[in-house]
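Asker: coords please:
(chains A and B)
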Amino acid sequence: MPKRRIPILAKVVGVVIGIYILIRFVIQPPLPFSLVFMYMSLTVVGVLVYVSIYDDVWNEFTLPIEEFFRGRSDRGAVWQGVRLIVLAMIPLFIGWGVYNKVKPSYNPPAEQRVVHPAPPFEVAGLNNPLRQRPEKYQDYIKLGSKIYFQNCFYCHGDRFDGEGHFAHGFNLPPANFMDAGTIAQLQESFVFWRVSTGGPGLPAESTPWNSAMPKWEDMLNTEERWAVVMYLYEQTGWKPRTWQ
Amino acid sequence: MRYRKGAITLLALIGVALALPAMAAPEEAYRTFLGYDSRIAIWIIAELHLMFGAFVLGVPIFAVTIEIIGWKTKDPRYDKLAYEFTQLLSGAFGFTATLGGLLAFSLFGLYPKFMDYLSGVFHDVMYIYALLFFVESITLYLYYYLWHKMAKQKGLHILLGILLNVCGTVIMMVANSWASFMMSPVGIAKDTNQFIGSAWQAMNNPLWHPLNLHRFLGNVAFGGFVCGAYAAIRYLGAKTQEERAHYDWMGYIGNFCAVCGLIPLPFAGYYLGREVYSNSAVMGNNMMGGAFSWTFIIQAILIGGLFIGSNYYLWIGMHRIPGSERYTKYIKFIDIIIILCFAVWLTPHNLPLSAEEQISVGGQYHPTLKYLGLMSGKNAVVNFIILSTFLSFLLYRRANLGEGIPFSKQGAKSRWILLGIAAGLILILGSYSNYLFHLNPAALDLPADKAKYFKLPAILLLVQITAMLVAVAMTFMNRGKIGQMLYLGITIIDITFVLGVYGYIVMAVANPFLRNVAVTQWMTMMSSLVLVTTLDVFLFKGAPQVGEMTWGKMPSRSQYTLIFLCVFIVMLIGLMGFIRSGLRENWHIYGVMQDTSPGSWTPDNALMAKVVSACGLIFLSAVSFLFWLTSAAEKKAHKPDEGPAAHPKAAPPAHEKTARSRS
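Answerer: Numbering: from 1, shown residues only, chains lettered A, B, ... in the order given. The predicted structure follows:
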């Protein structure tokens, strides 16, 4: 007796649903819609590629779909009933999609916020003047420490991890300087620019959420701002990024 | 005749355009294009000129290669194919020149002040450019029209073809120097912004060679895919089995050439990107993390489509090959690997999020998936994708072949060639390993204690060398197939898994060194391509065919894939053109001459998508028209003297010979 095989169409549907469950529910915190959409499209492409390489597999795959849409008079009432229901659901489904699309919503559209935008032209060339005077390094670090604990740690935390007292009150959480994705991958001039101009200095591509980061150039002088930047690197152990 | 007249008018046109700098009136900085936005006009004209240019520069590279193969193998079918490629060229060349003339006219007309500056820098070079164009067109027409007349002097004819390629490449390089000067100008007086350098200095700017390399490879890929689509359309419309067999073969060759260009392209892109960064961190930031970061996601999707599409086409191509059943079980795995790798490649570091998602993810970056978005992960999967594509080719190549002559019986020549190639590879890998061992951290602006991080890649290169020696030794002992798989396997483990993960550590602690890790990965990968291909040639030397290749029996979805690939590469080139040019933002010449016209703002992605799609549509329509002309002319020319009977062997060659062309 020939072994009963699972039909290809069923396998395909199984694989796609399995991956959907994995992506949608297993990975935590939940992935944003844009990624789920991307991964699912790739899955569907991969599966379709696989079933359409060989003619026999392809025919076996498409046959039930074709029969479903064409209809077959030799099938029983259940098959016919299911077919009608599914066919009726297609326009309903599209209608539901349209409804969702035009329904007014208060959510801002999905945006890709640019975390590290291009700084203004003049900023790129800046060098930290305090590094020209290595003999006063310890003094500057001391100054930086003072500035940090007077001004920054409420938000960025005393362990530089973005977990200060106020941190959870803000959307756009304060930057975590211990993470490899913040000052570790930035040039000193860039960090200086961010400290100087804060949230208000961010260009449009870094919206839609407004950053609570204050504009420190109104409150601290140039030396104090460079000193706190130097202090951040000193404390976290990162080296400012340089471009060869 | 028609073409020759056309060419002369066009050259005249270009001459006039180049004489225009003298006529430009620099008092007026900007004009409008018949009352419309001049920036969009320039954008479309330049993009179309570039698309045609890419085609006209890419196709001769492989037309001549195929002609040489035909000459060496004395197989007339290769010659016929090379001629057919050249036929497509001659029409497209006219379009390229017209568009070039139009572009020059519009630039001088619409941006007189800027062009005054640019021609002040480059005017000497512009005359050389015109001269080169002249030489190029003469060589092209000689090459094309004397094809049959010079059948007896094939060597000389091929020389013409090579000259054509040299001219084309130099022309491209000259034009590239203008574009790259606008991005990374040199020789500028700091206070006055006046140009004080020499024309050569301006040409030899930091982005010139990266751009040359990137465009050269891109053109090959572009030409290949466009020709593939031509073949596909002819295949679908073919009336006879013989025609179908021919166009099936042509499509295959087109796709093959395109993939050859595509494989090194990601690295050329990495190199260009790196240089953009080094040249201006602002521009670099803008490119990868700023306003242009979305466009790179679109780019990743398009490139993904190209790789998946060409693999798919190859896999369907297994239909042609009796004996391929032995290898079908592997395809599933390659498919899964490629899809997984693309999932990583597509994952952006910085996610597009809605407000709710932003809160549930807890910031802009997903805590676990953010790693997939970083450069190190991308480098790892790109290498893996390329190796998998290569594996597809390998399976395709051997699908039809039985056992080859044992290596020990192949004579001294084979042995020396193999040893020579292996020695060359070992020398290259070894010297880079040596370089890494002795690399001074200060050269990368790193403190001295970071030198320990340079060790692992250097050691891995030594591992590769050992593996290579083992693989070669095994080949000498007639165990070459295992040796091949051993080397390929070690390469994959090494560059994807070991260095891929190591890259994250490097990014965190010694970021500038990541570039050297990427170079290590790339060199290892290339060594694998070269060694495994060489071994394959020897392993299957004199191997009997399991059966005759059956060209012309492909299902139509394979041909639609070729058309899809063509559309994708056209969109890709349009997109990349936008990025390259857009990166300058509101500068004509970056940091030197500001664009103060109303159209100086950087287009958003919606406008970009519209304009690029429009360019793609116009290009594809124009090319379809040209191809239609070519085939109509061909039918007319062939009817009276040579019917199908005149070509008793018009079917493409059997697998044996295509295998040779691939090696």
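Asker: what about residue B:197, which SS state?
Answerer: coil (DSSP: H, G, I helix; E, B strand; the rest coil).
Asker: please name the residues that touch it.
Answerer: Neighbouring residues of residue B:197 by C-beta atoms under 8 Å, 6 or more residues apart in numbering or on different chains: B:186-188. Placement of C-beta: from N, CA and C, glycine included.
Asker: kindly reformat those residues as JSON lines containing secondary structure and distance to chain A.
Answerer: Below are the contacts of residue B:197 laid out as JSON lines (DSSP: H, G, I helix; E, B strand; the rest coil; distance: C-beta to the nearest C-beta, whole Å):
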{"residue": "B:186", "secondary structure": "coil", "distance to chain A": "16"}
{"residue": "B:187", "secondary structure": "coil", "distance to chain A": "19"}
{"residue": "B:188", "secondary structure": "strand", "distance to chain A": "15"}
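Asker: mind giving me the PyMOL select for those residues, buried ones only?
Answerer: Restricted to buried positions by 16 or more other C-beta atoms under 10 Å in any protein chain shown, the PyMOL selection for the contacts of residue B:197 reads:
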select buried, chain B and resi 187+188
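Asker: pLDDT score assigned to the closest residue to chain A within the stretch 151-300 of chain B?
Answerer: Using C-beta to the nearest C-beta, residue B:286 is the residue of the stretch 151-300 of chain B that sits closest to chain A, at 3.9 Å. Per-residue pLDDT puts residue B:286 at 80.
Asker: so who does it touch?
Answerer: Applying C-beta under 8 Å, 6+ apart, the residues contacting residue B:286 are A:117-118, B:292, B:583, B:585.
Asker: could you identify the most distant pair in those?
Answerer: Greatest spatial distance among those (C-beta to C-beta): A:117 and B:583, at 14.0 Å.
Asker: low-confidence stretches in the stretch 351-500 of chain B?
Answerer: Applying pLDDT under 70 to the stretch 351-500 of chain B picks out no residues at all.
Asker: that one against chain A: which residues are in contact?
Answerer: Contacts of the stretch 351-500 of chain B with chain A, taken as C-beta under 8 Å from any C-beta of the partner chain, map to B:351-370, B:444-447.
Asker: next step: these restricted to helices.
Answerer: B:355-361 (DSSP state H).
Asker: now, among those residues, which is nearest to chain A?
Answerer: Chain A has its nearest neighbour among those in residue B:357, at 4.2 Å by C-beta to the nearest C-beta.
Asker: what's the helix or strand hosting residue B:56 packed up against?
Answerer: Residue B:56 is part of helix B:38-73, with elements assigned from DSSP states H and E. Secondary-structure packing of helix B:38-73 (3 or more C-beta pairs under 8 Å, 6 or more residues apart in numbering or on different chains; DSSP states H and E): helix B:76-110, helix B:154-183, helix B:208-236, helix B:241-262, helix B:556-582, helix B:605-641, helix B:655-662.
Asker: my read: residue B:339 touches residue A:45, true?
Answerer: Yes - between residue B:339 and residue A:45 there is a contact at 7.2 Å, judged by C-beta atoms under 8 Å.
Asker: any shared contact partners between those two?
Answerer: The contact sets of residue B:339 and residue A:45 overlap at residue B:308 (C-beta under 8 Å, 6+ apart).
Asker: worst-scoring helix or strand of chain B, pLDDT-wise?
Answerer: Of all the helices and strands that make up chain B, helix B:655-662 has the lowest average by mean pLDDT, DSSP states H and E, namely a mean of 40.
Asker: grab the nearest non-local neighbour of residue 58.
Answerer: Just going to use chain A. residue A:52 (4.8 Å; C-beta to C-beta, 6 or more residues apart in numbering or on different chains).
Asker: that's the other chain; I wanted chain B
Answerer: residue B:223 (2.6 Å).
Asker: for residue A:64, same thing?
Answerer: Spatial nearest neighbour of residue A:64, chain neighbours left out: residue A:9 (5.2 Å); criterion: C-beta to C-beta, 6+ apart.
Asker: please report the distance of the one you found from residue A:57.
Answerer: The gap separating residue A:9 from residue A:57 is 11 Å, by C-beta to C-beta, to the nearest Å.
Asker: would you map the strands across chain A?
Answerer: A:111-112 (DSSP state E).
Asker: just for it, where's the confidence low?
Answerer: If you take pLDDT under 70 as the line, chain A has these spans: A:1-4, A:108-112, A:243-244.
Asker: do that again at 80, thanks
Answerer: A:1-4, A:105-114, A:118, A:121-122, A:124-125, A:180-181, A:185, A:204-209, A:241-244 (pLDDT under 80).
Asker: tell me how it divides into domains.
Answerer: Here the domain parsing of chain A from automatic domain parsing is A:8-95, A:121-236.
Asker: return the most buried member of those domains.
Answerer: The highest average neighbour count among the domains of chain A, using mean count of other C-beta atoms under 10 Å in any protein chain shown, belongs to domain A:121-236 at a mean of 17.
Asker: dump the residue contacts of residue B:389.
Answerer: B:259, B:263, B:307, B:310-311, B:338.
Asker: now with 10 Å, please.
Answerer: Residues in contact with residue B:389 (C-beta atoms under 10 Å, 6 or more residues apart in numbering or on different chains) are B:259, B:262-263, B:307-308, B:310-311, B:314, B:334, B:338.
Asker: what's the most distant pair in these?
Answerer: B:262 and B:334 (16.2 Å).
Asker: those two: which is more packed in?
Answerer: For residue B:262 and residue B:334, the more surrounded residue by other C-beta atoms under 10 Å in any protein chain shown is residue B:262, and the numbers stand at 25 against 18.
Asker: could you find the closest non-adjacent residue to the more buried one?
Answerer: Nearest residue to residue B:262, sequence neighbours excluded (C-beta to C-beta, 6+ apart): residue B:221, at 4.7 Å.
Asker: that neighbour reaches residue B:57, doesn't it?
Answerer: No - in this structure residue B:221 lies outside contact range of residue B:57 using C-beta atoms under 10 Å: 11.7 Å.
Asker: isn't residue B:322 right next to residue B:549, touching?
Answerer: Yes - taking C-beta under 10 Å as the definition, residue B:322 is a contact partner of residue B:549 at 8.0 Å.
Asker: more crowded one of the two?
Answerer: residue B:549 (27 against 15).
Asker: how close does that one get to residue B:634?
Answerer: Following C-beta to C-beta, the distance that separates residue B:549 from residue B:634 is 25 Å.
Asker: thinking again about what came up before, are any of the residues of the stretch 351-500 of chain B next to chain A buried, and which?
Answerer: B:351-354, B:357-358, B:361, B:363-366, B:369-370, B:444, B:446.
Asker: so which of these comes closest to residue A:140?
Answerer: Nearest member of those to residue A:140, counting by C-beta to C-beta, is residue B:446, at 22.1 Å.
Asker: for the closest one, what are its contacts?
Answerer: A:239, A:242, B:439-440, B:453-454, B:509-513.
Asker: tell me the pLDDT of the closest residue to residue B:203 other than its chain neighbours.
Answerer: Once flanking residues are discounted, residue B:203 sits nearest to residue B:177: 3.9 Å by C-beta to C-beta, 6+ apart. We have a pLDDT of 96 for residue B:177.
Asker: give the contact list for residue B:177.
Answerer: By C-beta under 10 Å, 6+ apart, the residues touching residue B:177 are B:121-122, B:125, B:129, B:199-200, B:202-205, B:207-209, B:211-212.
Asker: same thing but 8 Å
Answerer: Contacts of residue B:177 by C-beta under 8 Å, 6+ apart are B:122, B:125, B:202-205, B:208.
Asker: same thing with residue B:491?
Answerer: Contacts of residue B:491 by C-beta under 8 Å, 6+ apart are B:387, B:464, B:524-525, B:527-528.
Asker: taking those, tell me the two that lie furthest apart.
Answerer: Of all pairs in the contacts of residue B:491, the most separated under C-beta to C-beta is B:387 and B:464 at 13.5 Å.
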